[in-house]
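K.L.:
Predicted coordinates and the sequence they were generated for:
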Amino acid sequence: MTLSNESLVQLSKHVFYIKYPTNIGIISAEEEKRLYLIDTANDDESVQRIIDFLKERFPGFRIAAALNTHAHADHCGGNARLMEETGCEIWAGKGTDALLENPDIEMNIIWGGTAVKELQTRYFIARKSRASKILEEGKAELIHAGNGKFIALEPIPLGGHYIRQLGFLVTDTDGKKTLFMGDAISGRNVIRKYWIQYLLDEAGTKETLSRLPSIDADFYVPSHGQLVNDIEGLSELNLIAVLETENLILDIIRTPKTAEEILKEVADRNGITLKAAQFVLIGSTIRSYLSALRDEGRADYEIRENRMFWKRTRQDG
């Protein structure tokens with residue numbers, strides 16, 4: 001992807017983001033000529049493009065640190081190359097640090113074991129990296145902006161999409177607040193294209209989507225999609241997509257179905273022709289929905305003829 005002047009969007013005095021397939025947050029500490037990145041894109045090639053772009057747009061600055069919202073490859077895949085090229089630090093939350101050092105876990109979780117070779121790609125498995133600083137949820141980091149002023153960066157737990165995902169609420173010296181939300185939420189254009197979003201924990205996803213409107217900010221930046229100034233409508237749209245998928249699954253299991261039969265019917269009803277990556281991503285997501293529905297007493301399973309069948313429970317109609 002080519003980067004241009006329009007790719008860099010300034011949100012407040014020191015806060016920017018790069019419009020990219022995975023949006024990249026930028027904090028500029030002018031006096032010390034330091035840049036702080038939020039997420040690092042998918043791979044060596046992508047992050048090198050970002051490094052070169054930042055050298056042009058911020059001459060004389062050096063990248064001091066990169067912060068990872070979570071350990072999916074499209075958010076941390078550039079870590080290793082970024083460290084090699086710039087000597088920067090990597091900052092991550094507790095739990096994410098272990099996943100950065102063991103990147104195979106992402107694909108193993110989605111597949112449920114060691115995945116077939118064709119899925120062991122850079123899109124699912126990042127290069128190994130190591131966090132040099134562990135961020136504490138709710139404890140703000142202060143970045144010196146010059147003239148005795150500081151930019152506050154607060155890690156906020158945004159569970160559901162993946163293990164120990166964080167958002168970063170950045171309060172600039174001009175008082176403007178930007179929330180970088182990782183994959184807690186998707187932009188409208190992304191939801192329209194991919195109505196069924198990958199998630200690891202449906203209950204956690206619903207809790208996060210319900211809580212996001214209570215987090216006060218001037219700008220809300222999803223990792224995938226366009227920023228918004230008011231999060232309530234986008235949060236509601238994402239929640240509707242989750243609930244519609246939930247109801248679709250409940251409708252499908254009016255009669256007992258295996259997880260793979262449910263996957264086929266979900267795909268058929270949504271006009272999706274599954275390839276290997278979608279098969280495992282949507283399949284993993286459906287199993288997460290089924291677990292949540294069972295926890296809520298709305299679905300249950302039984303083992304018959306050495307197969308696991310899922311069925312809607314009586315109290316759910």
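P.N.:
Arrived safely, thanks for sending.
K.L.:
residues making contact with stretch 52-68?
P.N.:
3, 7-8, 18, 25-26, 28-29, 32-40, 51, 75-76, 78-79, 82, 86, 88-93, 96, 100, 131, 133, 135, 153, 168 (C-beta atoms under 8 Å, 6 or more residues apart in numbering). Where you see a C-beta, it was placed from the backbone N, CA and C, and this is true even at glycine.
K.L.:
swap the cut-off to 7 Å and go again
P.N.:
Contacts to stretch 52-68, defined as C-beta atoms under 7 Å, 6 or more residues apart in numbering, come from residues 3, 8, 28, 33-40, 75-76, 79, 82, 86, 88-92, 96, 100, 168.
K.L.:
what's the answer for stretch 251-269, then?
P.N.:
248-249, 274, 282-283, 286-287, 290, 299, 307-312.
K.L.:
Give the ChimeraX command for selecting the buried subset of the residues you listed.
P.N.:
Remark: buried members of the contacts of stretch 251-269, expressed as a ChimeraX selection using 16 or more other C-beta atoms under 10 Å:
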select :248,249,274,282,283,286,287,290,299,309,310,312
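K.L.:
ok, so of the contacts of stretch 251-269, who is nearest Ile105?
P.N.:
Arg287 (16.8 Å; C-beta to C-beta).
K.L.:
so what's Leu142 bridging to?
P.N.:
As for beta bridges, Leu142 partners with Ala152 under DSSP bridges.
K.L.:
Just the buried subset of the contacts of stretch 52-68, please.
P.N.:
For the contacts of stretch 52-68, buried by 16+ other C-beta under 10 Å: 3, 8, 28, 34-40, 75-76, 79, 82, 86, 88-92, 96, 100, 168.
K.L.:
Tell me which of the contacts of stretch 52-68 fall in strands.
P.N.:
Leu8, Ser28, Arg34, Leu35, Tyr36, Leu37, Ile38, Glu89, Ile90, Trp91, Ala92, Phe168 (DSSP state E).
K.L.:
who's in contact with the residue nearest to the second one when sequence neighbours are not counted?
P.N.:
When you say that, I think you mean Ser28. Nearest non-adjacent residue to Ser28, counting by C-beta to C-beta, 6 or more residues apart in numbering: His14, 4.8 Å away. Shown in contact with His14 (C-beta under 7 Å, 6+ apart): Ile27, Ser28, Ala29, Ala145, Ile151, Asp172, Thr173.
K.L.:
Tell me the one of these nearest Ser223?
P.N.:
Ile27 (16.1 Å).
K.L.:
My guess is that closest one contacts Ile151. True?
P.N.:
Yes: counting by C-beta atoms under 7 Å, Ile27 touches Ile151, with 6.0 Å between them.
K.L.:
The two: who's more crowded?
P.N.:
Ile27 (26 against 23; other C-beta atoms under 10 Å).
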